[in-house]
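Peer 1: I'd like to go over a predicted model; first the sequence, then the structure.
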Amino acid sequence: MKTNPLSPQSSAEDQAALWAAKLDGSVLTAEERIALDAWLELDPQHRELLSSYCQLSSDLELLLPALGLPPEPAESRPTPSAAKRRLLWFAGPLLAAAAAVALVFWSPGGPPRQQDDVATSIARRQSLTLIDGSTAELNARTALKIQINAEERRVRLAGGQAFFRVQHGDPRPFVVETPAGTVRVTGTQFETRSESDRSLAVLVLEGSVQVQLPDAAATEPRLYTLQAGHRLKLNAGQVDVDFLSDAAVLNELAWRDGFVVCNATPLAEALAHFARYHGKGITAAAEVAGLHLGGRFSLDDLDGFLSAVEAVLPVRVTRETSGAIRVGPRPPR
């Protein structure tokens, strides 16, 4: 009896690799489209897995020559990417683990190099391991450009929020560039958030980092050395550095587990966390923006969070036809 390769008995990674291969260069039949939709609905992680394998499919275009599988002549291949489709169908999970959905080069006599672009979508987080062993955890709506060569390890954070655990023992400096400034380290754990060239936040969990901020009024940039527990905030040219308790640091980093922890947090600030994560306009009227909120809330449960806000604060949540959400004073009864 012939076994359906897309049956529920196959592992999630196997199925993701098979669907990515089917989607590459072909059009699904109506029956296949129904089956794919049903598989995606079974588990929220299925969509993320499929996205990863589709990205791997794209990266394989560049990896094929290095793997000794040059593209087949046009007249002999059934589709424009037959070799790549075979790799995805039969070795997708192995390649994903080995390549980590990244473009990696091995240079004889030197350390491995890596060049990759990674971006997370609305309400999606992602963790990845770099070729040097360092790791990066990305919050939703975050974009990284990774460039590792023999001289340095450089990451460009175009926007968003990321937590880095930099591998110790590597002599190459690890540099994170943002629109607002640069963070330079060797081996440490820290978080960086940047939304514009006038906004930057750096929080150190372990070790130390050096933050370099451009200064239009001086010939040299401003340098700040931060130790564990220190947080630097840049907002509209104003720089503040403070020290957080261990508990406060963990609260700030709760997004890594999908949560926001509020401790007498201004309502406007709490709403901003959910606005960034969900890519929605979520704002508070001036009359209620400064109300304090406490509690631990799931980033993925926007409706539950808004219900809790209405329950504990004298506010009313209004959803506009445009999709924007407005929090204003609760009307008198």
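Peer 2: Nice, thanks for sending it over.

Peer 1: quick one: contacts of stretch 272-280?
Peer 2: For stretch 272-280, contacts defined as C-beta atoms under 8 Å, 6 or more residues apart in numbering pick out 122-123, 139-141, 161, 195, 255, 260, 281-283, 299, 302, 305, 323-325. Every residue, glycine included, has its C-beta placed from N, CA and C.

Peer 1: gap between it and the chain center?
Peer 2: Stretch 272-280 has its C-alpha centroid displaced from the chain centroid by 14 Å (C-alpha atoms, centre = their mean, to the nearest Å).

Peer 1: How about stretch 286-303?
Peer 2: Counting by C-alpha atoms, centre = their mean, stretch 286-303 comes out at 23 Å from the chain centroid.

Peer 1: ok, now stretch 264-279?
Peer 2: Its chain's C-alpha centre and that of stretch 264-279 lie 18 Å apart, by C-alpha atoms, centre = their mean.

Peer 1: Could you pull out the buried residues of the helix or strand where Glu32 lies?
Peer 2: Using DSSP states H and E, Glu32 maps to helix 30-42. Neighbour counts over helix 30-42 (16 or more other C-beta atoms under 10 Å) mark Ala35, Leu36, Trp39 as buried.

Peer 1: now the residues you listed as JSON lines including pLDDT and distance to Pro221?
Peer 2: Formatted as JSON lines, the buried residues of helix 30-42 follow (pLDDT from 0 to 100; distance: C-beta to C-beta, whole Å):
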{"residue": "Ala35", "pLDDT": "77", "distance to Pro221": "56"}
{"residue": "Leu36", "pLDDT": "73", "distance to Pro221": "50"}
{"residue": "Trp39", "pLDDT": "74", "distance to Pro221": "51"}
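
Peer 1: and which of those is nearest Asp117?
Peer 2: The closest of the buried residues of helix 30-42 to Asp117 turns out to be Leu36 (C-beta to C-beta; 25.8 Å).

Peer 1: and Ile131, that one's in a strand?
Peer 2: No: the assignment for Ile131 (DSSP: H, G, I helix; E, B strand; the rest coil) gives coil, which keeps it out of a strand.

Peer 1: what's the closest non-adjacent residue to it?
Peer 2: Nearest residue to Ile131 in three dimensions, chain neighbours excluded: Gln114, at 4.1 Å (C-beta to C-beta, 6 or more residues apart in numbering).

Peer 1: what about that neighbour, which helix or strand?
Peer 2: Using DSSP H and E, Gln114 sits in strand 113-119.

Peer 1: Show me what Glu191 bridges to in the sheet.
Peer 2: Legend: beta-bridge partners of Glu191 under DSSP bridges are Phe163, Leu203.

Peer 1: what do you get for Arg156?
Peer 2: Beta bridges link Arg156 to Lys145, Glu177 when assigned by DSSP bridges.

Peer 1: surely it meets Ala162?
Peer 2: No: with contact defined as C-beta atoms under 8 Å, Arg156 does not count as touching Ala162 (11.0 Å).

Peer 1: so what sits against both of those two?
Peer 2: Shared contacts of Arg156 and Ala162 (C-beta under 8 Å, 6+ apart): Leu144, Val176.

Peer 1: So for those two, which sits in the more crowded spot?
Peer 2: Ala162 (24 against 16; other C-beta atoms under 10 Å).

Peer 1: and the spatially closest residue to Leu144 that is not a sequence neighbour, what does it touch?
Peer 2: Leaving aside its chain neighbours, Leu144 sits nearest to Val118 (4.7 Å; criterion: C-beta to C-beta, 6+ apart). Val118 makes contact with Val101, Gln126, Leu128, Ala136, Leu138, Ala143, Leu144, Ile146, according to C-beta under 8 Å, 6+ apart.

Peer 1: and if you look at Pro266?
Peer 2: Here Pro266 is in contact with Ala289, Gly290, Leu291, His292, Leu293 (C-beta under 8 Å, 6+ apart).
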